[in-house]
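predicted model and sequence below, questions to follow.
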Amino acid sequence: MTIHSVIGEEMKKMRIISGETQKEIAKKLKITTEHYGRLERGERKISLDFLIGFAEKHNFEPARFLEKSAHSDKKDVVDEINKKLMKYSFDWASKVLEMMKLFEK
């Protein structure tokens, strides 16, 4: 899962909570419904200016996006490293995993 898809999921949750459609949100943000849908699905990069505008229109702090994405990114990085380590010897992989524990703190 990318940072854009994590943020898109949060946008979708906020839209559903507000009871608005993608079309209504897109109109408020002055973008097309198609573009907004791509943002929710994580198919488009999201600018900081856009996130701030979205947060202001929904009365919450933009940091909410960053908190969610930071946790997701860390897990994704660890998962990706674990997948790559499967290709190497057990001893070598064990040493790298020990170093990763430092990263997780």
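Everything's here; your move. Residues are numbered from 1 along each chain as shown.

alpha carbons only for contacts and neighbour counts from here, please
Noted.

counting contacts, what elements does the one helix or strand residue 37 maps to pack onto?
Using DSSP states H and E, residue 37 falls within helix 33-40. Packed against helix 33-40 by the contact rule (3 or more CA pairs under 8 Å, 6 or more residues apart in numbering; DSSP states H and E) you find helix 3-18, helix 22-29.

please identify the most buried of the ones you listed.
helix 3-18 (a mean of 18; mean count of other CA atoms under 10 Å).

now do the domain split for this protein, please.
3-67, 73-104 (automatic domain parsing).

for residue 44, grab phi and psi.
As for residue 44, its main-chain torsions (degrees, to the nearest 10) stand at phi -130, psi 150.

lowest average pLDDT across the domains of the chain?
Set side by side, those differ in mean pLDDT, and domain 73-104 is lowest with a mean of 59.

what sits against residue 45?
By CA atoms under 8 Å, 6 or more residues apart in numbering, residue 45 lies in contact with 4, 39.

so it, which of the three states?
Put simply, residue 45 is coil when judged by DSSP: H, G, I helix; E, B strand; the rest coil.

residue 41: what's it in contact with?
5, 8, 9.

which phi and psi does it have?
Per degrees, to the nearest 10, the backbone of residue 41 is at phi -80, psi 0.

same question for residue 60.
phi -140, psi 160.

closest to residue 47 out of the helices and strands packed on helix 33-40?
The minimum distance between residue 47 and the helices and strands packed on helix 33-40 falls on helix 3-18, with 9.9 Å, by CA to CA.
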